[in-house]
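Chemist: Sequence and predicted structure below; questions after.
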Amino acid sequence: LLSHAKLTSNQTSLHMLRLSNCPRSTPLRIGSRDSSVRLCRRFLSGEASSPREAMEYDVVVVGAGPAGLSAAIRLKQRANKEGKDINVCVVEKGAEVGSHILSGNVFDPISLNELFPDWKEREAPLVTPVKKDKFLFLTEKHAIPLPVPPPLHNEGNYIISLGGLVRWLGKQAEELGIEIYPGFSASEVLYNEKGSVCGIATSDVGIGKDGQPKPNFQRGMELRAKQTLFAEGVRGSLSELVMKKFDLRKNSDPQSYGIGIKEVWEVESDKFEEGLVVHTLGWPVSVSSWCGTFMYHMAPNKVLIGIVLGLDYKNPYLNPYMEFQRFKHHPSVSKYLKGGKCVAYGARAINEGGLQSLPSLTFPGGALIGCSAGFLNVPRIKGSHTAMKTGMLAADAIYDQYTNDEDISDKQIVQYEEDFRQSWVYKELHAVRNVHPSHKYGVPFFFAYSFLDSFLFKGRTPWTFHNSKTDAEKTLPASQCKPIEYPKPDGELSFDILTNLTRSGTNHNHDQPSHLRIRPEKADVPKNTSYQVYGAPETRFCPAKVYEYVTDEQGQNPSLVINAQNCVHCKTCDIKTPENYIQWTVPEGGGGPSYENM
């Protein structure tokens, strides 16, 4: 069994392996499509009430993204350099490292330069330097060139696949001795008798839709740690629980979000301009909504194209996916795509609240890093470099404490937050803190203020704009809004959702409880509020056609249907459903999208 065990992007049978007496110091290697990752887990078969086995670490990192891997790597780099032993584990819900990673992405290498100064010699996948920036204001038929604002100057940056970079980081981590467990969903935060975080537990597997154990039922594993770093990305399910338990948002604004929807195209050689970066404002979305688009030309012949739409939009009839499909028919865009082929699709929520919406970063037993906290620089549309740096800052603070006092259990590593406030990340976010929230004062004010702040003020103002409402609270009743008619996709430049969904590689085991849960106290909201008052906005904002309503023959008695198997893990429903009636939780490990070049 062990010699033939394989892990591929869509196999969830990994959870059914029974590995006994596999010591942590000699992990079993199980091959994957892009990299060999370490796997060591002892399973217990039996009833759901049986005890879980546990493994002990100094540091557990939840999420193998840019922040999580950078933190783990930094810890091991320092320990190896000083000849010390520190056990670090990274747990990742995607079937492979990188399979749940999606981003634009024009990458600022500032943090990578620090983490691996020799990244070129190590052949990091940064091969397309930005050669030209364009900034356009679109009307329905025309594209008006505008001066490129300073935040969108990309000299020295690279057009990349962030998933590709994360896979590369995973290989570097493995070579340093870091244990990485892909395909395992962290579903529970562990607390000790003092109330401090002391690790996580992975989800049980082999539970049917009816909530009962199936013959292949396996208990999850406890990964106990002296310090736990949450690097789950935007709206991480465990990160949200930790923020609530320790009241980490008591001194911050409500976080605001956007949804990013992206396609990857292979285009004809005569239409490809290597290194070209294009950003737009304006059509197709009303300027009253926070929205922009991007188009990046990445070698050898790929065009990365997408839309970012603020989820604070008011009209419940707005459909982000259909706005994106309509955008591709603009003459300034379609000239690149005609004759090409769409090869990948995906979507992901992003943080847009900025500095004002950052929670407290530390708590007894752990910390929030990367997009779990929300370090995106909104005007730059960049967050990977800040995510990596915050992971490194947290790692340095933990390691310093570890070397001074090896018992770091229960400790709140406040040095991390203090170091963040002295870092270039804080300075970068502080300089642009007012750009996004200025939009709430109206379009004329936003354009004028953004111009002045970008070219003149550069954040050096004594005031800070704030946000007091969640994105869900900003949706207006359907009766106050005008329905939006969208053109039917033509199958060449634009596509229906289910066709595009096949390009995401999304796969879930159908016979498991839905990971998209209606909060018990909100059971009546879908029918009585979302459908009746807001016109069922979840049937439009979801980029995977997860939500639909069915009615009787008279069109009455609406009932919500949740097609959880379609979910691409974008988290938009957890953010934008009326009264936040959906709680996003993790499915069985390995489920979800299988992104390759996103």
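Modeler: Received the coordinates, thanks.

Chemist: going forward, measure contacts and count neighbours with C-alpha atoms only.
Modeler: Fine.

Chemist: Which strand residues bridge the nearest residue to Glu274 once chain neighbours are set aside?
Modeler: Nearest non-adjacent residue to Glu274, counting by Cα to Cα, 6 or more residues apart in numbering: His297, 5.2 Å away. His297 has these beta-bridge partners by DSSP bridges: Val303.

Chemist: His297 and Leu276 touch, don't they?
Modeler: Yes: taking contact to mean Cα atoms under 8 Å, the distance of 5.3 Å between His297 and Leu276 places them in contact.

Chemist: of those two, who's got more company?
Modeler: Each of His297 and Leu276 has its neighbours counted (other Cα atoms under 10 Å); His297 has more, 28 against 19.

Chemist: Relative to Lys131, how far out is that one?
Modeler: Spatial separation of His297 from Lys131 under the definition Cα to Cα, to the nearest Å is 10 Å.

Chemist: who touches Cys542 in this structure?
Modeler: Residues in contact with Cys542 (Cα atoms under 8 Å, 6 or more residues apart in numbering) are Tyr321, Thr572, Cys573.

Chemist: actually Thr529, not the one I wrote
Modeler: Taking Cα under 8 Å, 6+ apart as the definition of contact, the neighbours of Thr529 are Pro578.

Chemist: before we move on, what about Asp511?
Modeler: Contacts of Asp511 were listed using Cα under 8 Å, 6+ apart, and they are Ile207, Gly208, Lys209.

Chemist: Show me which of these are buried.
Modeler: Applying 16 or more other Cα atoms under 10 Å to the contacts of Asp511, the neighbour count classes Ile207, Gly208 as buried.

Chemist: Let me know the closest of the contacts of Asp511 to Thr386.
Modeler: Of all the contacts of Asp511, the one sitting nearest Thr386 is Ile207; the distance, using Cα to Cα, is 38.3 Å.

Chemist: Can you get me a residue count around the residue nearest to the closest one when sequence neighbours are not counted?
Modeler: The spatial neighbour of Ile207 that comes closest, neighbours along the chain excluded (Cα to Cα, 6+ apart), is Pro213 at 4.5 Å. With neighbours defined by other Cα under 10 Å, the count for Pro213 comes to 19.

Chemist: returning to what we had before: against Asn597, how distant is the residue nearest to Glu274?
Modeler: 13 Å.

Chemist: and if you look at Pro489?
Modeler: For Pro489, the distance to Asn597 under the criterion Cα to Cα works out to 24 Å.

Chemist: The two: which has the busier surroundings?
Modeler: Neighbour comparison, Pro489 and Asn597: the larger count goes to Asn597, with 20 against 14 (by other Cα under 10 Å).

Chemist: my guess is the more buried one contacts Leu165, does it?
Modeler: No: counting by Cα under 8 Å, Asn597 does not reach Leu165; the two are 9.6 Å apart.

Chemist: sorry, back to before: return every residue with contacts to both of His297 and Lys131.
Modeler: When contacts are counted by Cα under 8 Å, 6+ apart, the set common to His297 and Lys131 consists of Glu274, Gly275, Leu276, Val277.

Chemist: Out of those, flag the one nearest to Gln480.
Modeler: Distance from Gln480 was checked for each of the shared contacts of His297 and Lys131 by Cα to Cα. The minimum falls on Val277, at 38.0 Å.

Chemist: roughly how far apart are the closest one and Ile159?
Modeler: Counting by Cα to Cα, the separation of Val277 from Ile159 is 8 Å.

Chemist: do Leu112 as well
Modeler: In terms of Cα to Cα, Leu112 sits 14 Å off from Ile159.

Chemist: What is the end-to-end distance of stretch 76-90?
Modeler: One end of stretch 76-90 to the other measures 12 Å (Cα to Cα).

Chemist: er, stretch 484-503 I mean
Modeler: Between the opening and closing residues of stretch 484-503 there is a gap of 27 Å (Cα to Cα).

Chemist: do stretch 313-320 as well
Modeler: Its first and final residues considered, stretch 313-320 spans 10 Å by Cα to Cα.

Chemist: can you pull the buried residues of that stretch?
Modeler: In terms of neighbour count (16+ other Cα under 10 Å), stretch 313-320 has its buried residues at Tyr313, Lys314, Asn315, Pro316, Tyr317, Leu318, Asn319, Pro320.

Chemist: And for that stretch, what's in contact with it?
Modeler: Under the criterion Cα under 8 Å, 6+ apart, residues 259, 289-290, 309, 471, 474-478, 481-484, 534-537, 540-541, 543 lie in contact with stretch 313-320.

Chemist: before we move on, back to that, who has more neighbours out of Leu112 and Ile159?
Modeler: When Leu112 and Ile159 are compared for neighbours, Ile159 comes out ahead with 27 against 20, by other Cα under 10 Å.

Chemist: Beta-bridge partners for the more buried one, please?
Modeler: For Ile159, the residues forming beta bridges with it (DSSP bridges) are Val106, Thr128.

Chemist: these two touch, right, it and Lys132?
Modeler: No: checked against Cα under 8 Å, the pair Ile159 and Lys132 is beyond contact range at 11.3 Å.

Chemist: which neighbours do those two share?
Modeler: Shared contacts of Ile159 and Lys132, defined by Cα under 8 Å, 6+ apart, are found at Gly275.

Chemist: Look at Ser514 and tell me its secondary structure.
Modeler: In three-state terms, and counting by DSSP: H, G, I helix; E, B strand; the rest coil, Ser514 is coil.

Chemist: Quickly note the distance from the closest residue to Val166 other than its chain neighbours to Ala64.
Modeler: For Val166, ignoring the flanking residues on the chain, the nearest one in space by Cα to Cα, 6+ apart is Gly98 at 5.6 Å. For Gly98, the distance to Ala64 equals 7 Å [Cα to Cα].

Chemist: the more surrounded of those two?
Modeler: Neighbour totals were compared for Gly98 and Ala64, and Ala64 leads with 32 against 29 (other Cα under 10 Å).

Chemist: ok so, going back, now which of the contacts of Cys542 would you call buried?
Modeler: Looks like the contacts of Cys542 have Tyr321, Thr572, Cys573 buried, using 16+ other Cα under 10 Å.

Chemist: Need phi/psi at the residue nearest to Val166.
Modeler: Dihedral pair for Gly98: phi 100, psi -10, per degrees, to the nearest 10.

Chemist: measure it to Ser594 for me?
Modeler: Look at Gly98 and Ser594: by Cα to Cα, they are 8 Å apart.

Chemist: if we can go back for a sec, counting neighbours, which of the contacts of stretch 313-320 end up buried?
Modeler: Using 16+ other Cα under 10 Å as the burial test, the contacts of stretch 313-320 include 259, 289-290, 309, 471, 474-478, 534-537, 540-541, 543 as buried.

Chemist: Assign Leu501 to helix, strand or coil.
Modeler: Three states are possible here, and by three-state DSSP the one that applies to Leu501 is helix.

Chemist: wait, it sits on Cys342?
Modeler: No: judged on Cα under 8 Å, Leu501 makes no contact with Cys342 at a distance of 11.7 Å.

Chemist: On the pLDDT front, check the residue nearest to Ile207 for me.
Modeler: pLDDT recorded at Pro213 is 94.

Chemist: Check the spacing between it and Ile518 real quick.
Modeler: For Pro213 relative to Ile518 (Cα to Cα), the value is 22 Å.
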